[in-house]
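Peer 1: here is a sequence with its predicted model. Questions after.
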Amino acid sequence: MNNHNTTPRQRFLALDSSTASLAVAAMENNELLKEINASGERNHSVHMHPVIAQVIEEAGLTVDEIDGIAVGVGPGSYTGVRMAVTAAKTLSWAKSIPVARVSSLHAIAWGGLSSGLKDHSTENELHWVIPLLDARRGQAYTALFSGGTGTAPQRLEPDAIRLMATWIDTLADRLNALQEEELPVSIWFTGDVTVHAEAAERLREVYSGPLNILPYELEGRWVGFLGAIRLLQGESDEMHALVPNYTQLSEAEANLLRKR
């Protein structure tokens, strides 16, 4: 018997509008069929539905063949994040298909790290990756992950909006607490890095390995790959309870910012 058809194909959309890039992808299981990443001004409300329709068509599908939706819930631009989440919930309700939330920062971390390591052998190597989305006034939406390129990076610190000055101190303390053999092979800051490059460079004071500052714009495939991990395991979120991740500064950081 041919066993190739025993597992039904799962086709789903991946959406993210939390950054300056409107990222949309069509997936079959954990394989990319088609993606469009519309970079530039945050005019996602105008382009969202035409881009979704174009991705579905160019993937050779119809909307009735979509089995689920993965959506990046931020953190990021309040207005931007809401667009993809609203579109995902609308499609989920209209087609009675599951919707699964993923972290936009997790997708940026995976995409940025994979871009940076594409010409390197990373088997059994662990690298730190710190995704950044600029939140102005010295702040960034950020987190900390560890990984290589073959699988999704593993989370070490939660998504949050942080003052970069104190976030670098936190990362430095974490590095100082590690034994030599526990240190990452390299460290990557990726995403909206330009405005925060000076702060990131401060890690060189405590870390002597390769420190990389890599600009990166989110690509829909990484939202899709993260969504595949959940959707293919039968995981999803309750549609009506799905909301963007409107992360806030900690009270201590907010007080520090007010004193500036």
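Peer 2: Sure, I can see it. Everything numeric here is computed off the predicted structure, so don't read it as measured data. Numbers count the residues shown, from 1 in each chain.

Peer 1: so what's the spatially most central residue of the chain scoring on pLDDT?
Peer 2: Nearest to the geometric centre of the chain sits residue 107, at 2.2 Å (C-alpha atoms, centre = their mean). At residue 107, the pLDDT value in this model is 97.

Peer 1: which helix or which strand is home to the nearest residue to it once chain neighbours are set aside?
Peer 2: Nearest residue to residue 107, sequence neighbours excluded (C-beta to C-beta, 6 or more residues apart in numbering): residue 222, at 4.1 Å. Bear in mind the C-beta positions are built from the backbone N, C-alpha and C, glycine included. Element membership for residue 222, per DSSP states H and E: helix 220-231.

Peer 1: same question for residue 199.
Peer 2: helix 197-201.

Peer 1: just the CA coordinates for that helix, please, in PDB.
Peer 2: As requested, C-alpha coordinates have been extracted for helix 197-201 and formatted as PDB (Å, rounded to 0.1, in the frame of the first residue of the first chain):
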ATOM      1  CA  ALA A 197      22.900  49.600  17.200                       C
ATOM      2  CA  GLU A 198      24.800  51.700  19.700                       C
ATOM      3  CA  ALA A 199      23.000  50.100  22.600                       C
ATOM      4  CA  ALA A 200      23.600  46.600  21.200                       C
ATOM      5  CA  GLU A 201      27.300  47.300  20.800                       C
END
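
Peer 1: in the helix or strand that comes right after that helix, what counts as buried?
Peer 2: Downstream of helix 197-201, the first helix or strand assigned by DSSP H and E is strand 211-215. For strand 211-215, burial by neighbour count (16 or more other C-beta atoms under 10 Å) applies to 211, 212, 213.
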